[in-house]
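[1] sharing a model that was predicted from the sequence below.
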Amino acid sequence: MAVAPDPVRGGLIRRGLALLIALGLAAWARGYGELGGALPAAGAVAALALGVTLLGATLLGALFERARLPRVTGYLLFGLACGPYAWDIVSREMAQQLQLVNGLAVALIAFVAGLEIDWRELRPRAGTLARMGLAVVALPAAALFVFTWLAWPWLPLAAELHGSARAAVAAMVALLAVSFSPTITVAVMAESRARGPLAETVLALVVLADLALVVGFVLVLQAVRAALGAAHLEEVGVMPLVSWELFGSLAFGGVVGGLFALYVRFVGRELTLALLALCATLAVLGVRFQFEPLLAALAAGLVLRNLAPTLGQRLHTAVDHSSLPVLVVFFAASGAALRLDAFVQLIPAVLALAVVRAAVVWQACRWGTAWSGLEPAVGAGVWRGLVSQAGVTLGLAAVVAGEFPSWGERVQAVVIGLVALHQVVGPVLFRRALEQAGEVGRAEA
Amino acid sequence: MSEGASDPIDELGVDPIDAALETGRVPLLSRLTAPLRTRAALGLEPALAPVTLFVGLGLALGPVGLGALGEGGLARLEPAIAIATAALGVFAGLELLPHRGERRLFAAASLEALVTFAVVAAATGFLLLRWQLLSGLGVGLAALVLGLAAAPSSAAAAPGIGPRESRLADLDDALPIVVGAVVLPAVCRPATPPLEGFVLTAALGLAAAVCGWLLLEHARHSAERAVFLLGTIALLGGASASLGLSALLAGLVAGLSWRLAPGGADVVARRDLGPYQHVLVVLLLIVAGAGIGTEPAVLALGVAFAFFRLTGKVLGAYAAARVVAHPRPSTLATGLLSPGVMGVAFALAVHGARPDADVALLSGAAAVGIALSEPLSWLSPPTRSAAA
């Protein structure tokens, strides 16, 4: 009796074989290249890393999706497993080359987030969202500050600091620990094609929280500088700095978004490439002019969605085609950059902060839901969308480590540990919440 | 081929760049380049190809010109160059297989490429020996590099250039790519036996082709398929460049394998990669232009390269015309004068694998020569119609 081939099993075998070939080729290229004596050019290494990451992480992400887990977690774990701190198929140099895509990825993700926010739909709920946002940012930040202050002697951060310096650094740690991830939120929504009240609420909250985080970080950084005698507030000029970064970014993004709308309207060709070029422009020029690329890209997306909604619709295919490879590389590179050795040493501190953070975010969501008047069914799932942390947090931690190397590197290590944990756990929790809310797949309808 | 038995040439037609310029598929670009094609509009073919335009643009943007594309920018584009080179190889592989009745055309194309290669290599080798321009690289290898950069042609879309001439220009890429896979490892990894480099390149292309074949046809959606295709080509380009092997041959082997393998991997690759061909070509030409140095030796060797290439192409066309019994060898020569981007890609690959002053001189001279080749082709006698 003839047995029909099992298409699922056949697909898995086919994909497994392809994964083995890709990994084998990458390992061979590295090994044989080293035998030859001459070091390959950085560009060659970057292309090789890009190839093996795109194939490997996409295949693992698809496998995770089959197991009803987020693809993003698969991308991260591929980077972690094949990165320089584990199997070392993606070497340290290759992982560094992959980081080049980070700026582009953050801009693209923020642009997509902006495209998803329809002000006309959100306006009736603006008060509710503002109150909920205040609750989920202020309460956890305050609670984490108190926890960090009290647990200071036992945390491996900066035991040598006392008084106002300790308070300022504790506030900074609390702020970094409480931060959320628009990146992962958008990525999980995009890959699960989710749409609905929970998805929209979580997205709006993490975007609001990110805005608050950037502003708060700049203020707290000045406070730390002042407490440590590194600079005086009046010399630095906090408000101009914050205003430039905040309003300048929004204005710059708005102008670029308007120009892109004109391109879509009057040219309308090669939208995938044009979108990638837009995000590269926002990332490169944003850094050059000290704008926050995330805010600028968010503003560009908002302008396109809200001033020219029909043009935003035309971008869907371009977004689909450009976001997948960028997200794959971004998350795999993030996974490859996570220092497992540092994480192992800091497990107790990281776990303690993570448990406190989860508890206070959960409690803040309960109180916030009651205070803001958010629908209880939606409010019950919000906390699971707020667990993830990602790139922006890592970027801010890198700023701290760069400016205060004596203790900043320890703060950075703890933050990296927190982000590693939440990057793996957060997408799974958010995806589950979206499934329970029945919002997965509704964006296709 | 899963989508019927349609002829891929029918599906693709002439070079998409030329087609785009001719049919107005890129209206803005067409408008900009229209004044440059006045001769073509008057029937005085061939037209000024985008090669000249974009190499010139690269020169203007590069360190020698405005500096907008400086050393840092060029370094950032290195991964894209490796990937673009492999993609061009894939395009060549997808088009390589001669159709029924094209064996003689293929032989004629290879003969024409061989003659051009020999003429340019011998003449530039002589000049390099006389002028003593090289400090470390052997004159023989340097001459081979220049000969290989000169050999490919692109299918000109000017009136009077018929499908046979265009097809011949398509097929003359094969020999330079194959020989280049032996020369490239010899230039950048002298300790490796040349044949070993060739075999490794072919094995690499085959392995990546199997990887892509397993994935391309069974992707769940178009975005995933695009990622698989990009990943496979990046793997091809990155692994080749890391090992100092020819990404063009690796890509050619992959493209040919997809064409021969059961299933529709070739159709998928052609459909998904096709829209980016123009962008990749423009990228290569701009980077080649930006890499041109200011040394007088670069200009002198580039001018000589262009004249020797012209000579080689004319001689090659006459030799090829005898093989395919072409009634008008001059028309055939006119159709082969447009410089092929494969030559630019090869020169860039050599420079990427061995970025020293000698190779910079060669790649710069090749870029200058290729940019000059198109205007030089105006000197050839105008032809009313290839069909005549």
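    Structure's in. What do you need? Numbers count the residues shown, from 1 in each chain, chains lettered A, B, ... in the order given.
[2] send me stretch B:193-211 as PDB with only the CA atoms.
    Provided in PDB are the C-alpha atoms of stretch B:193-211 (Å, rounded to 0.1, in the frame of the first residue of the first chain):
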ATOM      1  CA  PRO B 193      46.800  25.700  -6.500                       C
ATOM      2  CA  PRO B 194      44.600  27.400  -9.200                       C
ATOM      3  CA  LEU B 195      42.600  24.300  -9.900                       C
ATOM      4  CA  GLU B 196      41.800  23.900  -6.200                       C
ATOM      5  CA  GLY B 197      40.400  27.400  -6.100                       C
ATOM      6  CA  PHE B 198      38.200  26.600  -9.100                       C
ATOM      7  CA  VAL B 199      36.900  23.300  -7.600                       C
ATOM      8  CA  LEU B 200      36.300  25.000  -4.300                       C
ATOM      9  CA  THR B 201      34.300  27.800  -6.000                       C
ATOM     10  CA  ALA B 202      32.200  25.300  -7.900                       C
ATOM     11  CA  ALA B 203      31.600  23.200  -4.800                       C
ATOM     12  CA  LEU B 204      30.600  26.300  -2.900                       C
ATOM     13  CA  GLY B 205      28.100  27.400  -5.600                       C
ATOM     14  CA  LEU B 206      26.700  23.900  -5.700                       C
ATOM     15  CA  ALA B 207      26.200  23.700  -2.000                       C
ATOM     16  CA  ALA B 208      24.500  27.100  -1.800                       C
ATOM     17  CA  ALA B 209      22.400  26.100  -4.800                       C
ATOM     18  CA  VAL B 210      21.200  23.000  -3.000                       C
ATOM     19  CA  CYS B 211      20.400  25.100   0.100                       C
END
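[3] do that stretch and chain A come into contact?
    Yes. Stretch B:193-211 comes into contact with chain A (Cβ under 8 Å from any Cβ of the partner chain), by way of B:200, B:204, B:207-208, B:210-211. C-beta coordinates here come from the backbone N, C-alpha and C atoms, glycine included.
[4] ok, for the residue of chain B found nearest chain A, nearest residue in space, not its chain neighbours?
    With Cβ to the nearest Cβ as the measure, residue B:78 is the residue of chain B nearest to chain A, at 2.2 Å. Sequence neighbours aside, residue A:43 is the residue nearest to residue B:78 in space, at 2.2 Å (criterion: Cβ to Cβ, 6 or more residues apart in numbering or on different chains).
[5] quick check: the residue of chain B closest to chain A vs residue B:348, distance?
    For residue B:78, the distance to residue B:348 (Cβ to Cβ, to the nearest Å) stands at 10 Å.
[6] between the two, who's got more neighbours?
    residue B:348 (25 against 22; other Cβ atoms under 10 Å in any protein chain shown).
[7] helix or strand for the more buried one, which one?
    helix B:341-353 (DSSP states H and E).
[8] got the CA positions of that helix in PDB?
    What follows is helix B:341-353 as a C-alpha-only set of coordinates in PDB (Å, rounded to 0.1, in the frame of the first residue of the first chain):
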ATOM      1  CA  VAL B 341      29.100  44.900 -16.100                       C
ATOM      2  CA  MET B 342      30.600  41.500 -15.400                       C
ATOM      3  CA  GLY B 343      34.000  43.000 -16.200                       C
ATOM      4  CA  VAL B 344      33.400  45.700 -13.600                       C
ATOM      5  CA  ALA B 345      32.200  43.200 -11.100                       C
ATOM      6  CA  PHE B 346      35.300  41.000 -11.700                       C
ATOM      7  CA  ALA B 347      37.700  44.000 -11.200                       C
ATOM      8  CA  LEU B 348      35.900  45.000  -8.000                       C
ATOM      9  CA  ALA B 349      36.100  41.400  -6.700                       C
ATOM     10  CA  VAL B 350      39.800  41.300  -7.300                       C
ATOM     11  CA  HIS B 351      40.200  44.600  -5.500                       C
ATOM     12  CA  GLY B 352      38.000  43.400  -2.600                       C
ATOM     13  CA  ALA B 353      40.100  40.300  -2.200                       C
END
